[in-house]
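Visitor: Give me a model of this one.
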Amino acid sequence: MKPEIHPKYSDTTIQCACGHSIEVGSTKKDIRVEICSNCHPFFTGKQKLIDTAGRIERFRKKYAKFQNKQ
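Guide: Now for the predicted structure:
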């Protein structure tokens, strides 16, 4: 390796919005994430609905006429 061109690699902590923290090695310090393996529906088996800016309501409103025809 060439000296002085690589970023510094050190131990850091990843903090999830659910409160879970993971110790890892990284070139960045104190990483914050919204979803981790502790709270992700794929790993927990629980479905959590995250509505961002009313997308679900807009979808239901847009396709409501198709549901009523059946």
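
Visitor: any chance you could map the helices in the chain?
Guide: Applying DSSP state H to the chain gives helices spanning 41-44, 55-62, 64-69.

Visitor: per-residue pLDDT, the most centrally placed residue in the chain?
Guide: The centre of the chain sits closest to Ile35, judged by Cα atoms, centre = their mean, with a distance of 3.4 Å. Looking at Ile35, its pLDDT reads 82.

Visitor: Kindly report the same for Ile50.
Guide: On the pLDDT scale, Ile50 is placed at 64.

Visitor: By mean pLDDT, which helix or strand of the chain comes out lowest?
Guide: When the helices and strands of the chain are scored by mean pLDDT, DSSP states H and E, helix 41-44 comes last with a mean of 66.

Visitor: okay, now the nearest residue to Ile31 once chain neighbours are set aside: neighbour count?
Guide: In space, and not counting its chain neighbours, Ile31 is closest to Ile14: 4.6 Å by Cβ to Cβ, 6 or more residues apart in numbering. For every residue, glycine as well, the C-beta is placed using N, CA and C. Neighbourhood size, Ile14 [other Cβ atoms under 10 Å]: 16.

Visitor: Would you check that Ile14 makes contact with Val24?
Guide: Yes - at 6.0 Å, Ile14 counts as touching Val24 under the criterion of Cβ atoms under 8 Å.

Visitor: and the helices of the chain, which one's lowest on average pLDDT?
Guide: Of all these, mean pLDDT reaches its minimum on helix 41-44 (a mean of 66).

Visitor: Surely Asn38 is in contact with Ala17?
Guide: No - counting by Cβ under 8 Å, Asn38 does not reach Ala17; the two are 10.5 Å apart.

Visitor: can you pull out the strands in the chain?
Guide: Using DSSP state E, the strands of the chain run over residues 10-16, 21-26, 31-33.

Visitor: Out of these, which is the most enclosed?
Guide: strand 10-16 (a mean of 14; mean count of other Cβ atoms under 10 Å).

Visitor: tell me the contacts of Gly25?
Guide: Gly25 is in contact with 9-12, counting by Cβ atoms under 8 Å, 6 or more residues apart in numbering.
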